[in-house]
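**Q** sequence? don't have it. structure:
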């Protein structure tokens with residue numbers, strides 16, 4: 001989903017930043033219905049995320065500076081378009097996807113399989129997504145906090161951390177808006193973004209198996225950082241680098 005990379009006025013922060021947090025696990029982990037696709041449209045800031053994958057918070061904290069995304073409507077009433085950009089080591093990495101909305105679930109099949117539901121939140125301009133996906137053939141959960149603002153109040157962030165704890169997920173990684181955001185794809189200042197869709201599409205099933213085994217491991221962050229830079233600057237090294245981690 002998405003990041004907002006424009007400043008928000010102090011009055012806005014004061015007006016929506018003091019919503020009462022939800023504190024009990026039963027309420028925090030309760031799925032909520034999606035009140036039409038209009039609820040999902042627009043630009044969203046990824047504020048924080050958590051997962052049940054060991055070491056995922058270390059990887060995210062080391063690699064990802066900020067993320068923003070934009071959800072737009074398609075001609076089909078049950079289909080949405082997602083454009084997401086991650087800022088990693090001052091480089092922009094873009095991904096596009098079609099989302100299907102049905103039975104209060106948001107599903108995606110490419111560039112990878114996932115399904116999301118919304119959870120309850122006391123934040124009036126936020127969305128909390130509980131994601132289900134597979135890594136190495138095993139099901140995993142992820143939790144993301146998105147907002148129309150680029151920062152949320154301490155109470156709202158604490159509520160999200162409590163949600164992650166209730167679901168037995170890792171302590172959330174909170175993205176730092178001070179590190180800046182990649183520009184909009186239509187901006188004249190937008191640099192050439194690395195196309196993640198092209199990379200994933202170029203991988204065959206053998207490459208995907210290697211990638212899944214790679215993500216199953218708890219890896220040394222310093223070594224990972226060096227490897228990541230080499231891969232992203234020379235995509236032809238992708239498979240050989242991944243095979244070194246089998």
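**A** Sure thing, it's come through. Note that the structure is a prediction, hence the values are computed from the model and not measured.
**Q** mind listing the strands for the protein?
**A** 31-32, 42-51, 64-73, 79-88, 91-102, 105-108, 114-119, 126-135, 138-147, 173-174, 194-195 (DSSP state E).
**Q** So which elements touch the second one?
**A** Using 3 or more CB pairs under 8 Å, 6 or more residues apart in numbering; DSSP states H and E as the contact test, the elements touching strand 42-51 are helix 56-63, strand 64-73, strand 138-147, helix 154-166, strand 173-174. In short, each C-beta sits where N, CA and C put it, glycine included.
**Q** Tabulate the ones you listed (a markdown table), appending distance to residue 122 and mean pLDDT.
**A** As requested, those are exported to a markdown table (distance: least, CB to CB, whole Å; pLDDT from 0 to 100):
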| stretch | distance to residue 122 | mean pLDDT |
| --- | --- | --- |
| helix 56-63 | 24 | 79 |
| strand 64-73 | 22 | 93 |
| strand 138-147 | 12 | 90 |
| helix 154-166 | 6 | 95 |
| strand 173-174 | 18 | 94 |
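**Q** before we move on, the earlier item: highest mean neighbour count out of the strands of the chain?
**A** strand 42-51 (a mean of 23; mean count of other CB atoms under 10 Å).
**Q** before we move on, back to that, a markdown table please, covering the helices and strands packed on strand 42-51 and showing distance to residue 118.
**A** A markdown table is the format used below for the helices and strands packed on strand 42-51 (distance: least, CB to CB, whole Å):
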| stretch | distance to residue 118 |
| --- | --- |
| helix 56-63 | 21 |
| strand 64-73 | 13 |
| strand 138-147 | 10 |
| helix 154-166 | 12 |
| strand 173-174 | 20 |
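**Q** Please parse this protein into its domains.
**A** 10-179, 202-243 (automatic domain parsing).
**Q** and residue 196, which of those domains is closest to it?
**A** domain 10-179 (4.4 Å; CB to CB).
**Q** before we move on, back to that, residue 155 is nearest to which of the strands of the chain?
**A** Nearest of the strands of the chain (CB to CB): strand 126-135, 11.7 Å.
**Q** returning to what we had before: and of the helices and strands packed on strand 42-51, who's closest to residue 106?
**A** Per CB to CB, nearest to residue 106 of those: strand 64-73, 9.4 Å.
**Q** which secondary structure elements does the closest one contact?
**A** Using 3+ CB pairs under 8 Å, 6+ apart as the test, strand 64-73 ends up in contact with strand 42-51, strand 79-88.
**Q** Out of the ones you listed, the one nearest residue 133 is which?
**A** strand 42-51 (9.5 Å).
**Q** how big is the angle separating that closest one from strand 138-147?
**A** With axes from the mean of the first three to the mean of the last three CA atoms, to 10 degrees as the basis, strand 42-51 and strand 138-147 are set at 140 degrees to each other.
**Q** Let me know the average pLDDT across strand 42-51.
**A** Across strand 42-51, the average pLDDT comes to 95.
**Q** re earlier: looking at the helices and strands packed on strand 42-51, spot the one closest to residue 97.
**A** strand 64-73 (9.6 Å).
**Q** Next one: residue 111 relative to residue 93, how far apart?
**A** Note on residue 111: its distance to residue 93, by CB to CB, to the nearest Å, is 12 Å.
**Q** okay if I get the strands of the chain as TSV plus distance to residue 163?
**A** Shown next, in TSV, are the strands of the chain (distance: least, CB to CB, whole Å):
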stretch	distance to residue 163
strand 31-32	12
strand 42-51	8
strand 64-73	19
strand 79-88	22
strand 91-102	22
strand 105-108	18
strand 114-119	6
strand 126-135	7
strand 138-147	6
strand 173-174	14
strand 194-195	32
